[in-house]
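J.: I would like to see how this sequence folds:
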Amino acid sequence: MDSVYDDEGERKIRIVFNDPIHKEEIIGNKSIISQGDETKIRTSGAVIITISVIGINPPEKKKLEPCAVKETWVDPTQLDWNKAKDKIKENLRRQFSTILPQPKKPSRYNDRNNSGPIRVEMDCSPTKVYSACDQVRKNVGKGSRIIFYYNGHGAMPCNHASSENGKNIWVVNASIKHYIVMPLATLMDRLESPAIYIWDCDHAGLIVERFNEIAREKKDIWKRSGADTPEPRFEEDCLHLAACSSHQTLPQNPELPADLYTSCLTTTVRTALHFWFHQQKINNIRILDCIEYLDKIPGMFAQRNTMAGELDWVLTAVLDTLAWQIEPSYPRFKDLFRNCKPVSLLFRGHILADRVMRKYNTAPVSHPHLPSLAGHPLWRSWDLALDSIMSELSFRMVRPARPSFHGQISTFFFDQLTEFKVNLIQSGSDQPVDSRQLPVLLQMLMSAQYREETLELVGKFLDRGPYAVQKFIDVGILPYIKQLITSPSRDYTPYKYIMVLIWAKILATDRRPSTANNVLQYADCRGFFVNMLNDPEMRLQTRAMACFCLSILAKNSQKNQVGKHFLLKKQDKKCYYLNIWTNIMIPQTNISPPQ
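T.: Residues are numbered from 1 along each chain as shown. Sure thing, here's the model as predicted:
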């Protein structure tokens, strides 16, 4: 506090809170919270190229008889050639449409005429491939990512001498009578970057290696030329998913689909069930009849309270948790599994393919490289959940009069919640908690059955400090917590105290402008915290935390400020911290209190 009298002995106005410690900016702990890469690229289009040449085996490509023939779960040998092509094209378009985000407004393009953001070409020439790349790039724009899918089951092997050992890929001429090569470098220039390439063919890993070699050559040429053009970033901005390594061929088991890798990426649950039948062979059901058996699973994948929905829910949690296992040593976790939904769906499917295809002596490849998780113990939890659900299904087929399915059959989520709770109890207060179950908690927040208990565990986890807040944000739970407080149905009412506590801990620790603060500012969450501050049933300490959250939101935005008189009325002599934060908020107010 400054002196009460000046040098001449005259009394002057007392000034408080004027020391340097009161004037410095209040910031959180920056030593532990990392900045990370928040760049997000939208994936908006797809170019789908299939070289199957149904009924014709390419020369120098050895195939066993019988061999795998199904494409998109369609057996082309049982249909007319043209009908089989149309059916496969339709299925491919539908599968990739479920991966790509749906436009908010009706598209001006007609997908049936192959002119929209998804272009499907079967047994096509290089000219058609280039035209498809140009059209889709024009539709989605320069900054958007494009999916390029290449199915070369009916093409020459890419390690053939005529293809320069992987620098060209095989297509056909316009009359579909001859195989011709298409330069990989030309494809890169026409499709441009960013892009994600999916290679479902023999020796697919070789294409990835040659792609990156060409990308480095293009960058070296650009550096030597000194051209005034953007630097080519094909290696950095292009992702790759390949069905096998450079020296391997695809499985030819006739009981498997020929596009087994594609099925893992686009029809994840169905492929996982198909693989389970091959491993279990339950109830003496013949393998070729398993698809008919799967079609009898009741419910829809989008409904979690049905049998099919529970399977999809558990598998999503398992794949997301497995992806989270690589996070501590993997800098691009967010790029692959959080920032873009289509990319995360494809890479989660790649994790399933790694387990499935290694059973048939094939190792999928990705760029950036992902470690193999085929032997992770969490797969046993998935197998156990699948055993429980399929046993219930088989029992219902024997006894159709059994009551309809309600609730959950497997104990997967209950077991994971219990394990996380035990980890919290057993770890000391000064030790980091094992965060392996955080993706499972994210899935459980979507269910009202587990939500309250999950939020309580999240609050206890965040008590561990900045390390826990960092993990909480990195795993991607923040947007789901935001949805709870912005829900018009007031779903947060039973656990409003926990919600204020969680947000106060996050805002007190994380100071990155692009994470918690930005999420709340964008959603305009002022009303939630004002309601908590104005709630007579809320404890004074919780009101103080709500006022703290308001002060953080008001720091950089005029939109989230409240009235001075409103704050003064909320002060209470019984709560020291509530008075402190209301006093801090008062200088930032300039609008009337909300009604």
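J.: For T43, give the beta-bridge partners.
T.: Legend: beta-bridge partners of T43 under DSSP bridges are R145.
J.: That one against G143, yeah?
T.: No - counting by Cβ atoms under 8 Å, T43 stays clear of G143, with 11.1 Å between them. (Each C-beta comes from the backbone N, C-alpha and C, glycine too.)
J.: Pick out whichever of these two has more residues nearby.
T.: T43 (24 against 9; other Cβ atoms under 10 Å).
J.: how close does the more buried one sit to L100?
T.: 7 Å (Cβ to Cβ, to the nearest Å).
J.: what is in contact with these two at once?
T.: I147, P342 (Cβ atoms under 8 Å, 6 or more residues apart in numbering).
J.: Identify each buried residue in stretch 312-332, please.
T.: Across stretch 312-332, burial judged by 16 or more other Cβ atoms under 10 Å covers 312-327, 330.
J.: and if you look at stretch 530-547?
T.: Of the residues in stretch 530-547, V530, N531, M532, L533, N534, M538, T542, R543, A544, M545, A546, C547 count as buried by neighbour count, 16+ other Cβ under 10 Å.
J.: the strands in the stretch 251-400 of the chain, which residues?
T.: Here the stretch 251-400 of the chain has its strands, by DSSP state E, counting those that start in this stretch, at 365-367.
J.: For the buried residues of stretch 530-547, name the two members farthest from one another.
T.: N531 and A544 (15.1 Å; Cβ to Cβ).
J.: per-residue confidence at the closest residue to Q279 other than its chain neighbours?
T.: Nearest non-adjacent residue to Q279, counting by Cβ to Cβ, 6 or more residues apart in numbering: K359, 7.7 Å away. For K359, the model assigns a pLDDT of 91.
J.: count of neighbours near K359?
T.: 12.
J.: State the pLDDT value of T98.
T.: Listed pLDDT for T98 reads 91.
J.: nope, I169 is what I was after
T.: So, for I169, pLDDT stands at 88.
J.: For it, what are phi and psi?
T.: Main-chain torsions, I169, degrees, to the nearest 10: phi -120, psi 160.
J.: Just to check, it is in contact with M182?
T.: Yes - the pair I169 / M182 is scored as a contact, 5.5 Å apart, by Cβ under 8 Å.
J.: Neighbour count for those two, which is higher?
T.: Neighbours per residue, other Cβ under 10 Å: of I169 and M182, the larger number sits with I169, 24 against 19.
J.: got the contact list for the more buried one?
T.: So I169 contacts Y150, G152, A155, C158, S163, V181, M182, L184, L187, I207 (Cβ under 8 Å, 6+ apart).
J.: now the residues you listed in CSV, with secondary structure and pLDDT?
T.: Shown next, in CSV, are the contacts of I169 (DSSP: H, G, I helix; E, B strand; the rest coil; pLDDT from 0 to 100):
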residue, secondary structure, pLDDT
Y150, strand, 95
G152, coil, 85
A155, coil, 73
C158, coil, 68
S163, helix, 57
V181, strand, 87
M182, strand, 90
L184, helix, 92
L187, helix, 93
I207, helix, 92
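J.: Please name whichever of the buried residues of stretch 530-547 scores lowest on pLDDT.
T.: Across the buried residues of stretch 530-547, the smallest pLDDT goes to M538, namely 73.
J.: and the residue lying closest to it once chain neighbours are set aside, helix, strand or coil?
T.: Once flanking residues are discounted, M538 sits nearest to M532: 5.7 Å by Cβ to Cβ, 6+ apart. Of the three states, M532 takes helix under DSSP: H, G, I helix; E, B strand; the rest coil.
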